[in-house]
Each structure stands twice: as C-alpha cells, then as structure tokens.
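> next comes the sequence, and after it the predicted model I'd like to discuss.
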Amino acid sequence: MNVYDSDRMADALAPAGYSLTDTPEDADLIILNTCHIREKAAEKVYSELGRLRPLKRARAEAGAAMKIAVAGCVAQAEGEEMLRRAPTVDIVLGPQNTHLLPELAESGDDGIVATDFPAADKFRELPQPSRERALARGVSAFVSVQEGCDKFCSFCVVPYTRGAEVSRPLADIVAEVRRLCEAGVKEITLIGQNVNAWHGSGADGNAAMLGRLLHAVAEIEGVKRLRYTTSHPRDMDDALIAAHRDIDKLMPYLHLPVQSGSDAILQAMNRRHRAADYLALIERIRNARPDIALSGDFIVGFPGETDADFQATLDLVEAVGYAQAYSFKYSARPGTPAASAGDQVPETVKRDRLARLQAALTAGQDRFNANCVGRVVEVLFERPGRNPGQLAGRSPYLQAVQAELPENMIGEIVPVEIVRAGANSLFAQPVTDGAPTEITAERLS
C-alpha cells in the first residue's frame with residue numbers, strides 16, 4: 001500500500017513541475033512515506049529525519065530551499081507531536097490526504113499538519129498516472145482497491161491510522177488496470193489492508209465481492225497474471241475460493257495471515273476465528289487449487305502467550321506447510337487494546353520464540369524451494385538481474401528467480417527449468433519446450 005501511495009504522490013506532484021530524483025542532495029522536496037505497524041518502523045522515521053536535518057541546513061546555507069514531508073501512518077498517528085519532536089519537518093500528511101500534497105508543497109506555510117479524515121474519497125481525488133509514469137513502473141503494478149479495516153484486531157493500529165473500510169468502485173479499478181496494461185504492465189496485484197473485504201457495485205448494479213472483481217480484471221486484455229493481498233481468513237468466501245479454481249491468470253499463491261495457532265491468543269487478538277477454522281479453510285482452498293502456495297503472518301510474544309500457546313503456533317506451521325511467511329515479535333502500538341494488557345511477555349522470551357518460529361518457517365520455505373528444483377515453471381522477467389547477462393523475475397509462487405537471458409526478454413513470461421535454490425532466489429535456465437510443472441500441496445510435507 002505504501003508503494004502504491006508513494007507512486008500516486010509522485011503522480012500528483014508531476015503536474016506541479018516535480019520529477020523524481022535518486023539523489024537527496026538535489027531534492028526540493030523529500031517525502032518519507034511511513035508505516036506504523038511496528039515500533040521499529042516508527043523509530044526509523046525519526047532516525048532518518050535526524051540524517052536529513054544537516055542536509056536541509058546545508059541547502060538553506062547555499063540559498064536553495066528544501067522541504068521535508070512525512071506521510072503515511074506514522075504521520076497520521078503522531079500529527080502535531082511529530083513537529084515538536086522533529087522541527088525540521090515542514091508537512092505532516094496522513095494517508096487519506098495524499099492528494100493534497102501538491103497544494104501543501106507549494107504553500108509558504110511552515111509546520112502544516114493534514115491528518116483529518118476527509119469527507120472526499122481519496123481514490124477519486126488522486127490523479128491517474130500518465131502513460132510515461134505508468135511505463136516507468138515496469139511490467140508489474142499494484143492497484144489499490146480497498147483501504148482501511150473494520151476488524152479491530154487488538155494489536156493493530158491500522159483502523160486508527162487508515163480508518164474504516166472503503167472499497168473503490170469496480171469501474172474505476174477496471175479503468176486503471178486497462179491504462180496500466182496499455183502501458184505494458186503484464187501482472188496486476190490488487191491491494192488493500194483487508195483486500196478480500198472489497199465490495200462494490202458491478203456494471204449491472206448488483207453487489208459484487210472480490211471474486212467477481214478478480215473475474216472482471218482477468219478479462220481485461222493485457223492482463224497476464226493476477227494476484228491480491230492482504231487477506232483476512234474471515235472474508236474468504238465461496239466465490240473467492242472458486243476464483244482460485246476457475247481463473248487461470250490468478251497465480252497459485254495466497255497470503256493469508258493467521259498470527260497465532262493458539263485459540264486463546266486468537267481470542268485475545270480479536271481475530272474471531274479458531275485455529276481449526278483456519279486449517280479447515282486452508283483445506284477448502286487446496287481442494288479448489290491443489291498447486292497453491294501459502295504465505296502467512298505470525299506474531300510471537302503477544303500478551304499472555306504461554307509456552308503451550310507458542311507450541312500451538314509451531315504445530316499450525318507444521319500442519320500448513322508455508323511456502324513463505326513473515327514473523328515478528330509483538331510490538332505494543334499506542335492506543336490499541338493489547339498495549340495496555342497485562343501479562344506482557346519478557347523481551348528475552350519473545351526473542352527466543354521468534355528465533356524458533358523463524359527456523360521452522362525457513363525450513364518450510366527451503367523445502368518448498370528445493371521441491372521446485374528440476375521443474376519447469378513460467379517466470380515473468382521484470383528487470384536486469386544481479387550479474388551481467390542475467391534477468392530477474394518472479395515465479396507463479398512469487399519466488400525471486402534469476403536466469404541468463406537477453407535484456408529484450410524483460411516483460412516476457414518465459415518457461416524455465418529451476419536448477420538451483422539459493423538462500424534468497426531460485427536460479428534457472430530457459431527451456432525450448434516443456435510445460436510448466438504443478439507443485440502440489442502434498443509435496444510440502
């Protein structure tokens with residue numbers, strides 16, 4: 001979502017004469033687009049502002065003005081406090097107000113705070129990217145379809161910084177995807193804080209859910225691959241599961257966070273499902289799409305988590321067999337119910353549990369990647385690789401893949417044989433013929 005918002009801020013600034021630079025020293029405006037989901041992410045903002053302070057001062061001494069804006073969820077959460085802690089900041093901009101950035105950047109005012117939730121729909125206020133900017137984004141693109149969350153998990157700050165769930169109209173989404181495809185985009189990822197809660201009105205006026213939206217996007221000429229993220233288990237309805245079965249363009253990869261394998265912790269997190277519910281859902285999804293690869297999110301050390309609760313998480317990881325996953329120590333976020341809960345878990349215990357969980361998740365990922373060796377998969381190559389003569393791309397399972405191919409193959413979907421699994425990438429060689437090989441869930445065990 002922050003990548004998407006950053007791109008749209010650049011789109012909004014372009015008509016005002018701004019263009020991107022990779023060199024901070026040359027910038028008239030520096031924007032830090034921030035995330036508040038964990039404490040470490042918020043701390044990084046102030047560290048970066050400290051590094052930017054002398055740069056801004058040097059520009060001023062040379063007679064060249066520089067403005068610094070902080071956007072995103074840290075800005076939303078801290079507002080005026082950010083100006084007090086970091087007086088070098090000129091603009092504090094919440095995620096619902098990114099469309100105001102050109103006006104604020106051109107303002108002569110200092111210390112602007114724009115964190116009110118506006119009545120206007122942000123999606124309708126943001127300008128569409130020009131063809132040139134769409135081309136610059138490459139062959140894969142994010143398209144935001146939903147923002148905010150109504151779930152109120154007890155650890156999560158998103159409902160307070162992004163607001164209530166808002167779904168973008170289907171017609172607007174389809175129009176943006178068409179423009180991106182006309183600029184050469186081949187892969188579309190629909191994004192939202194709780195993307196599978198998307199609901200809108202179709203062309204016939206009837207209510208539509210994410211499954212129907214996926215069908216509509218898949219029918220657009222130029223869309224070769226389709227993904228969506230991030231989902232909540234309670235919003236995986238029958239139509240969405242069927243879409244994984246019926247839409248060939250929908251990649252066999254699903255990010256479906258569970259956070260914990262313990263029913264007691266899930267209840268304390270206000271997730272409103274049990275571990276057994278999640279496992280039953282996984283079974284239904286795999287019955288619909290046997291080759292699907294699963295990814296998840298986990299929090300260890302949530303307040304009150306016991307050794308038995310943590311073991312339940314390890315058991316769930318073993319039962320599912322994730323191809324990829326993200327895991328974090330619990331980080332208290334101000335204003336959330338869990339932040340003031342008793343039974344906070346000691347940092348040393350959280351650190352030990354995280355290491356054990358990450359070892360289990362890494363073993364599962366390594367096993368999945370190793371099972372790909374010797375198989376033929378289709379890879380969308382997106383950019384030059386690490387070494388001369390290499391291209392880098394993504395497999396259907398979102399794995400990074402490197403292969404020796406000419407640069408004119410960027411943007412092409414190429415069948416390649418996986419010859420080696422590295423720590424962070426798969427290495428492949430092109431094949432002249434051979435159909436892609438399915439990787440079923442059973443091979444994860």
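Done, it's in.
> where does the stretch 1-150 of the chain dip in pLDDT?
Counting by pLDDT under 70, the stretch 1-150 of the chain shows low-confidence ranges at 119-122, 125-136.
> where do the strands of it begin and end?
Per DSSP state E, counting those that start in this stretch, the stretch 1-150 of the chain has strands spanning 29-34, 67-72, 91-93, 112-114, 140-144, 146-147. These are given in chain order.
> now swap in the stretch 301-445 of the chain and tell me
Read by DSSP E, counting those that start in this stretch, the stretch 301-445 of the chain holds these strands, from start to end of the chain: 324-329, 376-384, 390-394, 400-404, 413-421, 426-430.
> got the ones you listed as a markdown table, with mean neighbour count, mean pLDDT and distance to residue 249 columns?
Using the backbone N, CA and C atoms, a C-beta is placed for each residue, glycine as well. A markdown table is the format used below for the strands of the stretch 301-445 of the chain (neighbours: other C-beta atoms under 10 Å; pLDDT from 0 to 100; distance: least, C-beta to C-beta, whole Å):
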| stretch | mean neighbour count | mean pLDDT | distance to residue 249 |
| --- | --- | --- | --- |
| strand 324-329 | 19 | 96 | 21 |
| strand 376-384 | 19 | 96 | 12 |
| strand 390-394 | 21 | 97 | 14 |
| strand 400-404 | 20 | 97 | 19 |
| strand 413-421 | 18 | 97 | 11 |
| strand 426-430 | 19 | 96 | 22 |
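> between those strands, which gets nearest to residue 149?
When the strands of the stretch 301-445 of the chain are compared by C-beta to C-beta, strand 324-329 sits nearest residue 149, at 17.5 Å.
> sheet-wise, list the partners of the closest one with their directions.
strand 293-300 (parallel) (DSSP bridges).
> show me what counts as buried in stretch 313-332.
Using 16 or more other C-beta atoms under 10 Å as the test for burial, stretch 313-332 gives 313-314, 316-317, 320-325, 327-331.
> what's the farthest-apart pair in these?
Spatial extent of those (C-beta to C-beta) is set by the pair 321 and 331 at 27.1 Å.
> re the thing from before, how about the strands of the stretch 1-150 of the chain in CSV, adding distance to residue 85 and mean neighbour count?
CSV is the format used below for the strands of the stretch 1-150 of the chain (distance: least, C-beta to C-beta, whole Å; neighbours: other C-beta atoms under 10 Å):
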stretch, distance to residue 85, mean neighbour count
strand 29-34, 13, 21
strand 67-72, 11, 23
strand 91-93, 11, 25
strand 112-114, 13, 19
strand 140-144, 30, 21
strand 146-147, 27, 26
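> strands of the stretch 151-300 of the chain, start to end?
Listed in chain order, the strands found in the stretch 151-300 of the chain under DSSP E, counting those that start in this stretch are 166-167, 187-191, 199-201, 207-209, 225-229, 253-255, 293-300.
> those strands: which one's closest to residue 368?
With C-beta to C-beta, the closest approach to residue 368 among the strands of the stretch 151-300 of the chain belongs to strand 293-300: 6.7 Å.
> off-centre distance for that closest one?
Between the mean C-alpha point of strand 293-300 and the mean C-alpha point of its chain there is a distance of 13 Å (C-alpha atoms, centre = their mean, to the nearest Å).
> and for stretch 366-373?
Using C-alpha atoms, centre = their mean, we find the averaged C-alpha position of stretch 366-373 to lie 24 Å away from the chain's own average C-alpha position.
> again, but for stretch 393-403
Counting by C-alpha atoms, centre = their mean, stretch 393-403 is centred 17 Å from the centre of its parent chain.
> quote the end-to-end distance of it.
The stretch stretch 393-403 measures 8 Å between its terminal residues, going by C-alpha to C-alpha, to the nearest Å.
> try stretch 24-38
The distance separating the two terminal residues of stretch 24-38, taken as C-alpha to C-alpha, comes to 26 Å.
> related to what we said a few turns ago, need the strands of the stretch 301-445 of the chain in CSV (columns: distance to residue 294).
Shown next, in CSV, are the strands of the stretch 301-445 of the chain (distance: least, C-beta to C-beta, whole Å):
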stretch, distance to residue 294
strand 324-329, 8
strand 376-384, 17
strand 390-394, 16
strand 400-404, 18
strand 413-421, 18
strand 426-430, 18
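> pull the contacting residues for residue 187.
With contacts defined as C-beta atoms under 8 Å, 6 or more residues apart in numbering, residue 187 is in contact with 139, 140, 141, 223, 224, 225, 226, 227, 380, 394.
> most widely separated two among the residues you listed?
Distances among the contacts of residue 187 were taken as C-beta to C-beta; the most separated pair is 223 and 394, at 15.4 Å.
> any chance of the strands of the stretch 151-300 of the chain in JSON lines, plus distance to residue 400 and mean pLDDT?
Formatted as JSON lines, the entries for the strands of the stretch 151-300 of the chain read as follows, by distance: least, C-beta to C-beta, whole Å; pLDDT from 0 to 100:
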{"stretch": "strand 166-167", "distance to residue 400": "31", "mean pLDDT": "91"}
{"stretch": "strand 187-191", "distance to residue 400": "14", "mean pLDDT": "97"}
{"stretch": "strand 199-201", "distance to residue 400": "33", "mean pLDDT": "87"}
{"stretch": "strand 207-209", "distance to residue 400": "32", "mean pLDDT": "90"}
{"stretch": "strand 225-229", "distance to residue 400": "15", "mean pLDDT": "98"}
{"stretch": "strand 253-255", "distance to residue 400": "13", "mean pLDDT": "98"}
{"stretch": "strand 293-300", "distance to residue 400": "14", "mean pLDDT": "98"}
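> closest to residue 62 out of these?
For the strands of the stretch 151-300 of the chain, distance to residue 62 was read as C-beta to C-beta. The smallest value, 40.0 Å, belongs to strand 187-191.
> so how far is the closest one from its chain's centroid?
10 Å.
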